[in-house]
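Peer 1: I would like to see how this sequence folds:
(2 chains)
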2 protein chains.
Amino acid sequence: MTTIAIVGSGIAGLHLGLHLRKQDLDVTIYTNRTGEEVANGPVMNSVAHMHVTRAIEEELGINHWVGEDYEYIRHYHYNGWGEDREYFGDFTKPSAVVDYRIMLPKLMQDFEERGGRFVYGTLFREDVDALTDEYDLVVVSAGKGDISAIFPKRPELSPFSAPARKLAVGFWHGVERLEPNGVGVNVVPGVGELLAIPMWSFSGKVMALLFESVPGGPQEVLTDQKYADDPAAYREKTLEILREYYPPMYARINEDEFRLQGEKDILQGAFPPAMRQDFVELPNGKFLLALGDIHMTVDPVQAQGANSAAYSAKVIADAIAEDKVFDRRFMEKVARRRAERLEAATNWINTIIGPPAEQIPELFSAMVHNRELADRFTENFNNPIGQMDLLGSTERVRAAIEATKSTVNA
Amino acid sequence: MTTIAIVGSGIAGLHLGLHLRKQDLDVTIYTNRTGEEVANGPVMNSVAHMHVTRAIEEELGINHWVGEDYEYIRHYHYNGWGEDREYFGDFTKPSAVVDYRIMLPKLMQDFEERGGRFVYGTLFREDVDALTDEYDLVVVSAGKGDISAIFPKRPELSPFSAPARKLAVGFWHGVERLEPNGVGVNVVPGVGELLAIPMWSFSGKVMALLFESVPGGPQEVLTDQKYADDPAAYREKTLEILREYYPPMYARINEDEFRLQGEKDILQGAFPPAMRQDFVELPNGKFLLALGDIHMTVDPVQAQGANSAAYSAKVIADAIAEDKVFDRRFMEKVARRRAERLEAATNWINTIIGPPAEQIPELFSAMVHNRELADRFTENFNNPIGQMDLLGSTERVRAAIEATKSTVNA
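Peer 2: I've put the predicted structure just below:
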């Protein structure tokens, strides 16, 4: 009987665990938090699951959040330059956004009900290595400290030594949802981005405001000034920035109702994105395989972290379904099969948040009057490879503009 | 309008051309031979199209050879060692073998009828380079002399500096077909291999006897002694070798009827297998993309040349369907998408014909009494990745034997 250990019970580890239980394999997830602890903890992120991810979840029987409370179909764009600044792009099928403090405990329960096993506790590097003596395969999908350093960075895919954006995301009441429901994608050069994400959380509908702030710019205060130090001042500062830089968002605020859902509903921080090696070989000849954030940490601005992790978990599960010899060949197979999509996601996001790439404002300006282009950019949140095909170079952006010019509205 | 030139009208170029006509693109194939010249020429090969290739051909509407005259479903094995030497493995769906002098002219006609264009003539390297000024994309799928050297060898995937086998294939009358129809897979250490392939040719059913001879061994005479010099002596030598080394094959010979279909129906030669780079960039900033034999030349012993070429053509066609900017990103996309399967085919064949790999006789010995293993080896002619999973190392062969031991017949 093939035995598999997964370190970490984030979306990556849970997806993989559920795939493998579907294959009736012996799976143990090591985690430092119970579902109850997750539910009672702070905001984890504000990530939407794109329809390609939801299709995987449908297949796994864990697509529990279907319906208008959870779903959205549109990106409402605002460019902070030019004459006409507002436009939108549509997905072909809805994405969904559910607070991970609701989603993960439910998936943990699914995993246990389907015969998966949890072992609770904190692991150190030596514990992870020791698991390889006990299990046929060990997949590492979470870990801090020395565990996060198991997999060396790949410098050519990790261009940032410092964070390219400072982050702050809070779950707010008092921000209007639009019809049809959608995510606000606001881009203001020199300031940063603001994503307004219609989230389902403990109190029902809230709006996740994810401020992505250029370091040194006027918006970084929302990361640097800790919310808990002075909640009222933080709220005022948030309103001030909305008013100043994001007029279409500010117009959706009801100031009487504008408040955080709760004190745990804000997350502030920053990290440099990194892509790491897929696996390492240990002195005993066994391997550790990386999955999820520990393999690829991306800035959240294009919502690719969880979606990439779900893809990666499926690649690993499919590889295990066809091959249960966990040697270097197996590891290289996984690395190769997920490389194109994951590297495309990384390169796409780094093109958006990195040193100004001339084709990005050119694309965003063109989208204002070009629905076909805006729809393609939007739908490509399901398809990072297609997104890099679209925006990977000036030549590519111009080819896409040329190919769609007959559809441009007046 | 996207314009594409393909150099070469072998199976690779024709498949690609037909895919692209299905996409309604402007496609021109450059070739040095008309369909009539191909039909009147010498034997080209003895390759079977596996069911994965036939599925592509079905999709393209060119699967013209369906039915028992063309199809086989079984590998009849003979090991030249051990007590029990004969066994068989089955495919899940039939392969087909049609003389390329019948197949290629028909596909050339299909291509023209569907709006493809041929330009006849001999190209030199400078002509191929010049095509990049005229077409958006140039794919090179054939060529001799300086054209064959366009794409540098990849040394790590091209381990042979000299041929590992000397080859001779003739289309013979007087060799019995078995029921169900199948290919004879005969392996005799120190001598080589003999594949007996039930071919459909101009006179109907013939048997392609493909002698794969170890250089310096007793069988290489079938390559070194030119048939045309003394046809009767060559026939005698062939019978002598069949009698001496391949008793189950010899038992199927009717000596009264044993003769070549015709004088052009024999091909003798040898080449070192090689895997070459996927593309090269030219001084004008455009690229040449490799397809088929010019990209990957494999020994014919495992019938992977044409099947790999058909796969590769489909990868290129699919990439073009989604992306018509033919820059380095496009070339790398194609290279990456076909790498796993093509490298698996190359490595599989090189493991079979290379310096003795201990796991190969171990696998072949185990298959004698293990139908599940023999079926898996057979079906994997459709799936080189699975074949490398099976036989890539001693550990892997032993894992497969262990996993199937409960099914072994007494």
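Peer 1: contacts and neighbour counts: CA atoms only from here.
Peer 2: Noted.
Peer 1: do you know how far the residue minimising distance to the centre of chain A is from residue B:16?
Peer 2: By CA atoms, centre = their mean, chain A has its centre lying nearest to residue A:305, at 2.9 Å. Taking CA to CA, to the nearest Å as the measure, residue A:305 and residue B:16 are separated by 36 Å.
Peer 1: how about residue A:306?
Peer 2: Relative to residue B:16, and taking CA to CA, residue A:306 is found at 37 Å.
Peer 1: same check on residue A:65?
Peer 2: 44 Å.
Peer 1: of those two, who's got more company?
Peer 2: Shown here are residue A:65 and residue B:16; by other CA atoms under 10 Å in any protein chain shown, residue B:16 has more neighbours (28 against 15).
Peer 1: contact partners for whatever residue of the stretch 51-200 of chain A ends up closest to chain B?
Peer 2: For the stretch 51-200 of chain A, the residue closest to chain B is residue A:136, as judged by CA to the nearest CA, at 12.8 Å. Going by CA atoms under 8 Å, 6 or more residues apart in numbering or on different chains, residue A:136 touches A:2-4, A:326.
Peer 1: in which helix or strand does residue A:347 reside?
Peer 2: helix A:328-353 (DSSP states H and E).
Peer 1: could you find the closest non-adjacent residue to residue A:203?
Peer 2: Residue nearest to residue A:203 in three dimensions, not counting chain neighbours: residue A:261, with 7.3 Å by CA to CA, 6 or more residues apart in numbering or on different chains.
Peer 1: quick one: residues contacting that neighbour.
Peer 2: Applying CA under 8 Å, 6+ apart to residue A:261 gives the contacts A:171-173, A:203, A:206.
Peer 1: hey, where'd the strands end up in the stretch 51-200 of chain A?
Peer 2: For the stretch 51-200 of chain A, the strands defined by DSSP state E, counting those that start in this stretch occupy A:71-79, A:86-96, A:117-120, A:137-140, A:166-173, A:182-188, A:192-201.
Peer 1: let's have those strands in CSV, adding distance to residue A:220 and mean pLDDT.
Peer 2: Below are those laid out as CSV (distance: least, CA to CA, whole Å; pLDDT from 0 to 100):
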stretch, distance to residue A:220, mean pLDDT
strand A:71-79, 19, 98
strand A:86-96, 24, 98
strand A:117-120, 37, 98
strand A:137-140, 33, 98
strand A:166-173, 6, 98
strand A:182-188, 13, 98
strand A:192-201, 9, 98
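Peer 1: any chance of TSV for the ones you listed, columns mean neighbour count?
Peer 2: Output for the strands of the stretch 51-200 of chain A, formatted as TSV (neighbours: other CA atoms under 10 Å in any protein chain shown):
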stretch	mean neighbour count
strand A:71-79	24
strand A:86-96	20
strand A:117-120	16
strand A:137-140	26
strand A:166-173	26
strand A:182-188	23
strand A:192-201	26
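Peer 1: neighbours of residue A:130, how many?
Peer 2: The burial count assigned to residue A:130 is 12, neighbours taken as other CA under 10 Å.
Peer 1: relative to residue A:326, how far out is it?
Peer 2: Relative to residue A:326, residue A:130 is positioned 16 Å away (CA to CA).
Peer 1: now do residue A:406
Peer 2: 52 Å.
Peer 1: comparing the two, which residue is more hemmed in?
Peer 2: More neighbours surround residue A:326 than the other of residue A:406 and residue A:326, with 17 against 9 (other CA under 10 Å).
Peer 1: my read is that one is in a helix, agree?
Peer 2: No. Applying DSSP: H, G, I helix; E, B strand; the rest coil, one finds residue A:326 to be coil, outside a helix.
Peer 1: following the record's annotation, map out the domains of chain A.
Peer 2: Domain ranges of chain A: A:3-48+A:98-160+A:272-353, A:166-270, A:359-407, per automatic domain parsing.
Peer 1: of those domains, which is nearest residue A:89?
Peer 2: Among the domains of chain A, the nearest to residue A:89 by CA to CA is domain A:359-407 (4.2 Å).
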